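# Sequence below, structure please.
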Amino acid sequence: MSKKTYTLTAESVRRGHPDKLCDQIADGILDAYLKQDSNARVAVEIMASNGRITIAGEVSARAELLEERVMCDTLERIGYRSADLSDDGELNVTIGIHEQSQDIAQAVARTEPGAGDQGIVVGYATDETPEYLPLPVVLAHRICRLLDEEPLHGAGVDGKAQVTVSYSDGIPVAVTAVVVSVQHAKEVDPDALRRDVESRIIRRAIPANCLTKETRLLINPSGRFVKGGPAADTGLTGRKLAVDQYGSAAHIGGGALSGKDPSKTDRSGAYAARWVAKNLVAAGLAKRCEVQIAYAIGESRPISVTVDAMGTGLVPDAALERAVKEVFDLRPGRIIDALALRRPIYAPLAAYGHFGRPELDLPWERTDRRAALLASVMKQGYAL
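Presented below is the predicted three-dimensional model:
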(Lines give C-alpha, C1' and ligand atoms only; values in the text may rest on other atoms or scores of the structure.)
Protein backbone atom coordinates (compact mmCIF):
# COMPACT_ATOMS: atom_id res chain seq x y z
CA MET A 1 0.00 0.00 0.00
CA SER A 2 1.41 3.38 -0.98
CA LYS A 3 -1.36 5.55 0.48
CA LYS A 4 -0.68 7.12 3.87
CA THR A 5 -4.08 6.09 5.23
CA TYR A 6 -6.02 3.04 4.18
CA THR A 7 -8.01 0.12 5.52
CA LEU A 8 -7.26 -3.58 5.21
CA THR A 9 -9.81 -6.34 5.70
CA ALA A 10 -9.24 -10.04 6.29
CA GLU A 11 -11.52 -12.95 7.02
CA SER A 12 -11.23 -16.34 8.64
CA VAL A 13 -13.65 -19.23 8.90
CA ARG A 14 -14.30 -21.75 11.62
CA ARG A 15 -13.18 -25.34 11.23
CA GLY A 16 -16.83 -26.31 10.72
CA HIS A 17 -17.21 -24.11 7.65
CA PRO A 18 -17.96 -26.38 4.63
CA ASP A 19 -14.88 -25.31 2.68
CA LYS A 20 -12.63 -25.83 5.67
CA LEU A 21 -14.22 -29.21 6.37
CA CYS A 22 -13.08 -30.24 2.89
CA ASP A 23 -9.56 -28.89 3.44
CA GLN A 24 -9.29 -30.77 6.74
CA ILE A 25 -10.43 -34.06 5.24
CA ALA A 26 -7.96 -33.62 2.37
CA ASP A 27 -5.02 -32.89 4.67
CA GLY A 28 -6.10 -35.66 7.03
CA ILE A 29 -5.89 -38.10 4.12
CA LEU A 30 -2.47 -36.71 3.17
CA ASP A 31 -1.18 -37.13 6.74
CA ALA A 32 -2.53 -40.68 6.93
CA TYR A 33 -0.59 -41.63 3.80
CA LEU A 34 2.59 -39.90 4.95
CA LYS A 35 2.48 -41.81 8.25
CA GLN A 36 2.80 -45.03 6.26
CA ASP A 37 4.93 -43.82 3.35
CA SER A 38 6.93 -40.61 3.61
CA ASN A 39 7.34 -40.59 -0.19
CA ALA A 40 3.62 -40.82 -0.89
CA ARG A 41 2.37 -38.74 -3.81
CA VAL A 42 -1.03 -37.35 -2.95
CA ALA A 43 -3.35 -34.88 -4.65
CA VAL A 44 -6.91 -35.16 -3.37
CA GLU A 45 -9.94 -32.90 -3.61
CA ILE A 46 -13.09 -33.01 -1.51
CA MET A 47 -16.57 -31.72 -2.22
CA ALA A 48 -19.26 -31.69 0.46
CA SER A 49 -22.87 -30.91 -0.34
CA ASN A 50 -26.27 -31.66 1.12
CA GLY A 51 -26.23 -35.40 1.79
CA ARG A 52 -23.07 -36.12 -0.17
CA ILE A 53 -19.27 -36.04 0.26
CA THR A 54 -17.04 -36.80 -2.72
CA ILE A 55 -13.36 -37.72 -2.31
CA ALA A 56 -11.41 -37.72 -5.57
CA GLY A 57 -7.85 -37.44 -6.80
CA GLU A 58 -4.67 -39.35 -7.44
CA VAL A 59 -2.47 -41.19 -4.96
CA SER A 60 0.67 -43.27 -5.41
CA ALA A 61 1.89 -44.79 -2.14
CA ARG A 62 3.06 -47.96 -0.45
CA ALA A 63 0.13 -47.79 1.93
CA GLU A 64 -3.40 -48.94 2.53
CA LEU A 65 -5.87 -46.30 3.56
CA LEU A 66 -9.57 -46.04 4.23
CA GLU A 67 -10.34 -42.50 3.09
CA GLU A 68 -13.84 -42.77 4.53
CA ARG A 69 -12.41 -43.48 7.99
CA VAL A 70 -10.35 -40.29 7.85
CA MET A 71 -13.46 -38.40 6.77
CA CYS A 72 -15.50 -39.78 9.70
CA ASP A 73 -12.75 -38.96 12.20
CA THR A 74 -12.62 -35.39 10.88
CA LEU A 75 -16.39 -34.95 11.16
CA GLU A 76 -16.34 -36.26 14.72
CA ARG A 77 -13.43 -34.04 15.76
CA ILE A 78 -15.13 -30.92 14.43
CA GLY A 79 -18.41 -31.84 16.10
CA TYR A 80 -20.69 -32.13 13.10
CA ARG A 81 -24.26 -33.35 13.63
CA SER A 82 -26.16 -35.28 10.99
CA ALA A 83 -28.41 -32.22 10.45
CA ASP A 84 -25.33 -30.23 9.37
CA LEU A 85 -24.56 -32.80 6.69
CA SER A 86 -27.95 -33.69 5.30
CA ASP A 87 -31.59 -32.66 5.39
CA ASP A 88 -32.77 -36.26 5.73
CA GLY A 89 -29.96 -37.66 7.90
CA GLU A 90 -28.49 -39.72 5.05
CA LEU A 91 -24.91 -39.23 3.82
CA ASN A 92 -23.68 -40.71 0.56
CA VAL A 93 -19.91 -40.97 0.21
CA THR A 94 -18.24 -41.34 -3.19
CA ILE A 95 -14.54 -42.18 -3.46
CA GLY A 96 -12.70 -41.88 -6.75
CA ILE A 97 -8.96 -42.31 -6.20
CA HIS A 98 -6.54 -43.40 -8.92
CA GLU A 99 -2.76 -43.56 -9.27
CA GLN A 100 -0.74 -40.49 -10.11
CA SER A 101 -0.11 -39.99 -13.82
CA GLN A 102 3.23 -41.45 -14.92
CA ASP A 103 3.87 -38.25 -16.87
CA ILE A 104 3.77 -36.29 -13.61
CA ALA A 105 5.55 -38.97 -11.59
CA GLN A 106 8.60 -39.06 -13.86
CA ALA A 107 9.00 -35.28 -13.56
CA VAL A 108 9.44 -35.44 -9.79
CA ALA A 109 11.24 -38.80 -9.45
CA ARG A 110 14.55 -37.70 -10.91
CA THR A 111 17.87 -37.55 -9.06
CA GLU A 112 17.27 -33.82 -8.73
CA PRO A 113 13.49 -33.65 -8.32
CA GLY A 114 11.66 -31.19 -10.50
CA ALA A 115 8.51 -29.30 -9.67
CA GLY A 116 5.36 -31.43 -9.70
CA ASP A 117 3.59 -28.78 -11.74
CA GLN A 118 4.07 -25.31 -13.08
CA GLY A 119 3.02 -22.68 -10.60
CA ILE A 120 3.41 -19.27 -9.02
CA VAL A 121 3.74 -19.01 -5.24
CA VAL A 122 3.76 -15.96 -3.00
CA GLY A 123 5.23 -15.34 0.43
CA TYR A 124 4.57 -12.30 2.58
CA ALA A 125 5.67 -10.94 5.94
CA THR A 126 5.19 -7.74 7.89
CA ASP A 127 6.64 -6.51 11.17
CA GLU A 128 3.29 -5.19 12.46
CA THR A 129 2.56 -8.27 14.62
CA PRO A 130 4.65 -10.90 16.46
CA GLU A 131 3.33 -13.44 13.94
CA TYR A 132 4.75 -11.36 11.07
CA LEU A 133 1.23 -11.31 9.60
CA PRO A 134 -1.17 -8.42 8.94
CA LEU A 135 -3.13 -7.50 12.06
CA PRO A 136 -6.60 -8.16 10.56
CA VAL A 137 -5.48 -11.68 9.56
CA VAL A 138 -4.29 -12.43 13.10
CA LEU A 139 -7.46 -11.06 14.69
CA ALA A 140 -9.86 -12.86 12.34
CA HIS A 141 -8.12 -16.20 13.00
CA ARG A 142 -8.14 -15.49 16.73
CA ILE A 143 -11.91 -14.95 16.74
CA CYS A 144 -12.59 -18.19 14.87
CA ARG A 145 -10.26 -20.19 17.07
CA LEU A 146 -12.00 -18.89 20.22
CA LEU A 147 -15.40 -19.78 18.75
CA ASP A 148 -14.17 -23.34 18.16
CA GLU A 149 -12.25 -23.86 21.37
CA GLU A 150 -14.79 -22.28 23.73
CA PRO A 151 -18.16 -22.71 22.04
CA LEU A 152 -21.04 -20.58 23.23
CA HIS A 153 -24.33 -21.93 24.52
CA GLY A 154 -26.51 -22.94 21.61
CA ALA A 155 -23.84 -22.29 18.99
CA GLY A 156 -23.25 -24.68 16.08
CA VAL A 157 -19.97 -25.55 14.35
CA ASP A 158 -20.23 -23.31 11.27
CA GLY A 159 -19.27 -19.65 11.12
CA LYS A 160 -16.81 -17.02 10.02
CA ALA A 161 -15.25 -13.70 11.02
CA GLN A 162 -14.07 -10.59 9.20
CA VAL A 163 -11.96 -7.78 10.64
CA THR A 164 -11.21 -4.36 9.12
CA VAL A 165 -8.24 -2.33 10.38
CA SER A 166 -7.33 1.27 9.57
CA TYR A 167 -3.68 2.12 8.91
CA SER A 168 -1.70 5.33 8.99
CA ASP A 169 1.75 5.41 7.37
CA GLY A 170 1.73 1.61 7.28
CA ILE A 171 0.97 1.24 11.00
CA PRO A 172 -2.35 -0.24 12.23
CA VAL A 173 -4.17 2.29 14.39
CA ALA A 174 -7.68 0.91 15.03
CA VAL A 175 -10.17 -1.79 14.25
CA THR A 176 -13.01 -0.13 12.37
CA ALA A 177 -15.33 -3.10 11.85
CA VAL A 178 -15.81 -6.68 13.01
CA VAL A 179 -18.25 -9.08 11.37
CA VAL A 180 -18.98 -12.41 13.04
CA SER A 181 -21.49 -15.00 11.87
CA VAL A 182 -22.17 -17.94 14.19
CA GLN A 183 -24.43 -20.88 13.49
CA HIS A 184 -26.92 -21.43 16.31
CA ALA A 185 -29.83 -23.58 17.48
CA LYS A 186 -33.25 -22.30 16.42
CA GLU A 187 -34.36 -21.75 20.04
CA VAL A 188 -31.42 -19.49 20.91
CA ASP A 189 -32.20 -15.88 21.80
CA PRO A 190 -30.37 -13.93 19.04
CA ASP A 191 -29.75 -10.91 21.28
CA ALA A 192 -28.26 -13.06 24.03
CA LEU A 193 -26.03 -14.77 21.47
CA ARG A 194 -24.83 -11.40 20.18
CA ARG A 195 -23.97 -10.29 23.69
CA ASP A 196 -22.03 -13.50 24.29
CA VAL A 197 -20.12 -13.16 21.03
CA GLU A 198 -19.18 -9.57 21.84
CA SER A 199 -18.14 -10.12 25.46
CA ARG A 200 -16.67 -13.63 25.34
CA ILE A 201 -15.16 -13.68 21.88
CA ILE A 202 -14.60 -10.30 20.23
CA ARG A 203 -13.41 -8.41 23.31
CA ARG A 204 -11.10 -11.26 24.24
CA ALA A 205 -9.68 -11.64 20.77
CA ILE A 206 -9.10 -7.96 20.02
CA PRO A 207 -6.96 -5.75 22.30
CA ALA A 208 -9.02 -3.03 23.99
CA ASN A 209 -6.80 -0.28 22.59
CA CYS A 210 -7.75 -1.35 19.04
CA LEU A 211 -11.48 -0.90 19.62
CA THR A 212 -13.01 2.58 19.58
CA LYS A 213 -16.47 4.07 19.98
CA GLU A 214 -16.71 4.11 16.20
CA THR A 215 -15.88 0.40 15.77
CA ARG A 216 -18.82 -1.37 14.13
CA LEU A 217 -19.66 -4.78 15.57
CA LEU A 218 -21.89 -6.76 13.22
CA ILE A 219 -22.84 -10.07 14.82
CA ASN A 220 -25.05 -12.41 12.79
CA PRO A 221 -26.10 -9.47 10.63
CA SER A 222 -28.36 -11.70 8.50
CA GLY A 223 -30.48 -12.20 11.63
CA ARG A 224 -30.69 -16.00 11.53
CA PHE A 225 -28.09 -18.74 11.00
CA VAL A 226 -29.67 -22.04 12.04
CA LYS A 227 -28.85 -24.26 9.09
CA GLY A 228 -25.12 -24.67 8.52
CA GLY A 229 -22.45 -26.99 7.17
CA PRO A 230 -22.76 -28.74 3.81
CA ALA A 231 -26.51 -29.09 4.37
CA ALA A 232 -26.70 -25.34 3.79
CA ASP A 233 -23.71 -24.54 1.60
CA THR A 234 -21.53 -26.68 -0.65
CA GLY A 235 -17.90 -26.95 0.44
CA LEU A 236 -14.83 -27.47 -1.73
CA THR A 237 -11.10 -27.81 -1.15
CA GLY A 238 -8.96 -24.82 -2.02
CA ARG A 239 -11.70 -22.21 -1.95
CA LYS A 240 -10.32 -20.22 0.98
CA LEU A 241 -6.89 -19.23 -0.36
CA ALA A 242 -6.90 -15.76 1.21
CA VAL A 243 -7.89 -17.27 4.57
CA ASP A 244 -5.08 -19.81 4.25
CA GLN A 245 -2.50 -17.14 3.46
CA TYR A 246 -2.38 -13.36 3.92
CA GLY A 247 -5.85 -11.98 3.38
CA SER A 248 -5.91 -9.10 0.93
CA ALA A 249 -2.44 -7.84 1.92
CA ALA A 250 -0.57 -9.91 -0.67
CA HIS A 251 -1.11 -11.51 -4.04
CA ILE A 252 -2.45 -15.06 -4.22
CA GLY A 253 -0.43 -17.75 -5.99
CA GLY A 254 -1.78 -20.03 -8.65
CA GLY A 255 -2.93 -23.00 -6.58
CA ALA A 256 -4.39 -24.22 -3.33
CA LEU A 257 -2.38 -25.89 -0.57
CA SER A 258 -4.47 -28.55 1.16
CA GLY A 259 -4.57 -32.13 -0.05
CA LYS A 260 -1.21 -31.94 -1.84
CA ASP A 261 2.03 -33.64 -0.89
CA PRO A 262 5.16 -31.41 -0.85
CA SER A 263 6.32 -32.43 -4.33
CA LYS A 264 3.61 -29.98 -5.43
CA THR A 265 5.22 -26.55 -5.38
CA ASP A 266 1.82 -25.01 -4.72
CA ARG A 267 2.52 -26.22 -1.21
CA SER A 268 6.28 -26.52 -0.70
CA GLY A 269 6.99 -23.40 -2.75
CA ALA A 270 4.44 -21.36 -0.80
CA TYR A 271 6.06 -22.39 2.47
CA ALA A 272 9.51 -21.54 1.11
CA ALA A 273 8.34 -18.13 -0.10
CA ARG A 274 6.97 -17.34 3.36
CA TRP A 275 10.25 -18.55 4.91
CA VAL A 276 12.18 -16.15 2.68
CA ALA A 277 9.87 -13.19 3.30
CA LYS A 278 9.81 -13.66 7.05
CA ASN A 279 13.60 -13.85 7.27
CA LEU A 280 13.98 -10.67 5.23
CA VAL A 281 11.67 -8.79 7.59
CA ALA A 282 13.10 -10.40 10.73
CA ALA A 283 16.58 -9.34 9.57
CA GLY A 284 15.37 -5.74 9.44
CA LEU A 285 15.98 -5.51 5.69
CA ALA A 286 12.35 -4.50 5.12
CA LYS A 287 9.32 -3.67 7.22
CA ARG A 288 7.15 -5.75 4.94
CA CYS A 289 7.79 -7.60 1.72
CA GLU A 290 6.31 -9.96 -0.81
CA VAL A 291 8.30 -12.76 -2.43
CA GLN A 292 7.13 -14.43 -5.65
CA ILE A 293 8.60 -17.65 -7.06
CA ALA A 294 7.64 -19.29 -10.36
CA TYR A 295 8.23 -22.94 -11.27
CA ALA A 296 7.93 -25.11 -14.39
CA ILE A 297 6.92 -28.76 -14.23
CA GLY A 298 9.94 -31.06 -14.24
CA GLU A 299 12.41 -28.19 -13.76
CA SER A 300 14.26 -28.05 -10.47
CA ARG A 301 15.38 -24.43 -10.46
CA PRO A 302 12.78 -21.67 -10.23
CA ILE A 303 11.95 -19.78 -13.40
CA SER A 304 11.97 -16.53 -11.43
CA VAL A 305 12.42 -15.17 -7.91
CA THR A 306 11.31 -11.61 -7.16
CA VAL A 307 11.21 -9.51 -4.01
CA ASP A 308 8.99 -6.46 -3.49
CA ALA A 309 9.75 -4.62 -0.26
CA MET A 310 6.88 -2.23 -0.95
CA GLY A 311 9.05 0.82 -0.45
CA THR A 312 10.21 -0.26 3.01
CA GLY A 313 13.54 -1.90 2.12
CA LEU A 314 16.87 -0.77 3.52
CA VAL A 315 18.45 -1.57 0.15
CA PRO A 316 17.05 -1.86 -3.39
CA ASP A 317 14.82 -4.83 -4.17
CA ALA A 318 17.42 -6.12 -6.65
CA ALA A 319 19.95 -6.43 -3.82
CA LEU A 320 17.44 -8.33 -1.73
CA GLU A 321 16.79 -10.70 -4.64
CA ARG A 322 20.51 -11.38 -5.03
CA ALA A 323 20.80 -12.12 -1.32
CA VAL A 324 17.80 -14.46 -1.42
CA LYS A 325 19.24 -16.42 -4.34
CA GLU A 326 22.56 -16.77 -2.53
CA VAL A 327 21.14 -17.80 0.85
CA PHE A 328 18.15 -19.98 -0.07
CA ASP A 329 18.15 -23.05 -2.30
CA LEU A 330 14.66 -22.93 -3.76
CA ARG A 331 14.75 -26.15 -5.73
CA PRO A 332 11.74 -28.30 -4.71
CA GLY A 333 13.81 -31.23 -3.45
CA ARG A 334 16.02 -28.95 -1.37
CA ILE A 335 12.98 -27.13 0.06
CA ILE A 336 11.43 -30.46 1.09
CA ASP A 337 14.66 -31.48 2.87
CA ALA A 338 15.35 -28.10 4.49
CA LEU A 339 11.83 -27.79 5.87
CA ALA A 340 11.33 -31.51 6.60
CA LEU A 341 8.07 -31.57 4.66
CA ARG A 342 7.62 -35.33 4.26
CA ARG A 343 6.00 -35.64 7.65
CA PRO A 344 2.32 -35.85 8.70
CA ILE A 345 2.10 -32.22 9.83
CA TYR A 346 -0.62 -30.86 7.58
CA ALA A 347 -4.08 -31.49 9.05
CA PRO A 348 -3.71 -28.77 11.76
CA LEU A 349 -2.89 -26.24 9.01
CA ALA A 350 -6.23 -26.73 7.27
CA ALA A 351 -7.93 -24.34 9.71
CA TYR A 352 -6.78 -20.90 10.95
CA GLY A 353 -4.12 -20.43 8.27
CA HIS A 354 -0.84 -21.99 7.17
CA PHE A 355 1.34 -19.16 8.49
CA GLY A 356 2.06 -17.69 11.89
CA ARG A 357 0.84 -20.51 14.14
CA PRO A 358 3.51 -20.37 16.89
CA GLU A 359 1.85 -23.32 18.66
CA LEU A 360 2.86 -25.64 15.80
CA ASP A 361 6.61 -24.84 15.53
CA LEU A 362 6.46 -24.79 11.74
CA PRO A 363 9.89 -24.89 10.06
CA TRP A 364 8.99 -22.23 7.48
CA GLU A 365 8.22 -19.85 10.36
CA ARG A 366 11.79 -19.95 11.69
CA THR A 367 14.02 -16.93 11.20
CA ASP A 368 17.24 -18.91 10.90
CA ARG A 369 18.60 -17.18 7.79
CA ARG A 370 18.68 -13.59 9.06
CA ALA A 371 22.43 -13.39 9.59
CA ALA A 372 23.19 -14.96 6.23
CA LEU A 373 20.92 -12.48 4.44
CA LEU A 374 22.56 -9.52 6.18
CA ALA A 375 26.02 -10.84 5.32
CA SER A 376 25.04 -11.26 1.68
CA VAL A 377 23.70 -7.72 1.43
CA MET A 378 26.82 -6.27 3.04
CA LYS A 379 28.99 -8.34 0.67
CA GLN A 380 27.26 -6.46 -2.18
CA GLY A 381 28.69 -3.23 -0.76
CA TYR A 382 25.75 -1.91 1.28
CA ALA A 383 26.45 -0.55 4.75
CA LEU A 384 23.74 -1.51 7.23
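
# in the stretch 201-350 of the chain, which spans are strands?
Counting by DSSP state E, counting those that start in this stretch, the stretch 201-350 of the chain has these strands, from start to end: 211-219, 235-236, 288-295, 304-308.

# In JSON lines, list these along with mean pLDDT.
Below are those laid out as JSON lines (pLDDT from 0 to 100):
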{"stretch": "strand 211-219", "mean pLDDT": "96"}
{"stretch": "strand 235-236", "mean pLDDT": "97"}
{"stretch": "strand 288-295", "mean pLDDT": "97"}
{"stretch": "strand 304-308", "mean pLDDT": "97"}
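
# how far does stretch 351-358 stretch from start to finish?
For stretch 351-358, the first-to-last residue distance is 14 Å (C-alpha to C-alpha, to the nearest Å).

# What residues sit buried inside that stretch?
Residues 351-357 are the ones in stretch 351-358 that count as buried (16 or more other C-beta atoms under 10 Å). In short, each C-beta sits where N, CA and C put it, glycine included.

# do the same with stretch 356-367
356-357, 362, 364-365, 367.

# Now the two most distant members of these.
Spanning the widest gap among those are Arg357 and Thr367, at 14.4 Å by C-beta to C-beta.

# does Val42 really touch Gly28, like I thought?
No: between Val42 and Gly28 there is no contact under C-beta atoms under 8 Å: 11.1 Å.

# okay, those two: which has more neighbours?
Taking neighbours as other C-beta atoms under 10 Å, Val42 and Gly28 compare with Val42 leading, 29 against 25.

# Next, the contact list for that one, please.
Val42 sits next to 29-30, 33-34, 57-59, 61, 259-261 when contact means C-beta atoms under 8 Å, 6 or more residues apart in numbering.

# from the middle of its chain, how far away would the strand or helix carrying it be?
Here Val42 sits within strand 41-49, counting by DSSP states H and E. In terms of C-alpha atoms, centre = their mean, to the nearest Å, the centre of strand 41-49 is set 16 Å apart from its chain centre.

# how close does Pro344 sit to Lys287?
Counting by C-beta to C-beta, to the nearest Å, the separation of Pro344 from Lys287 is 36 Å.

# cool, Ala231 as well?
Ala231 sits 45 Å away from Lys287, going by C-beta to C-beta.

# Those two: which is more packed in?
More crowded of Ala231 and Lys287, by other C-beta under 10 Å: Ala231, with 22 against 18.
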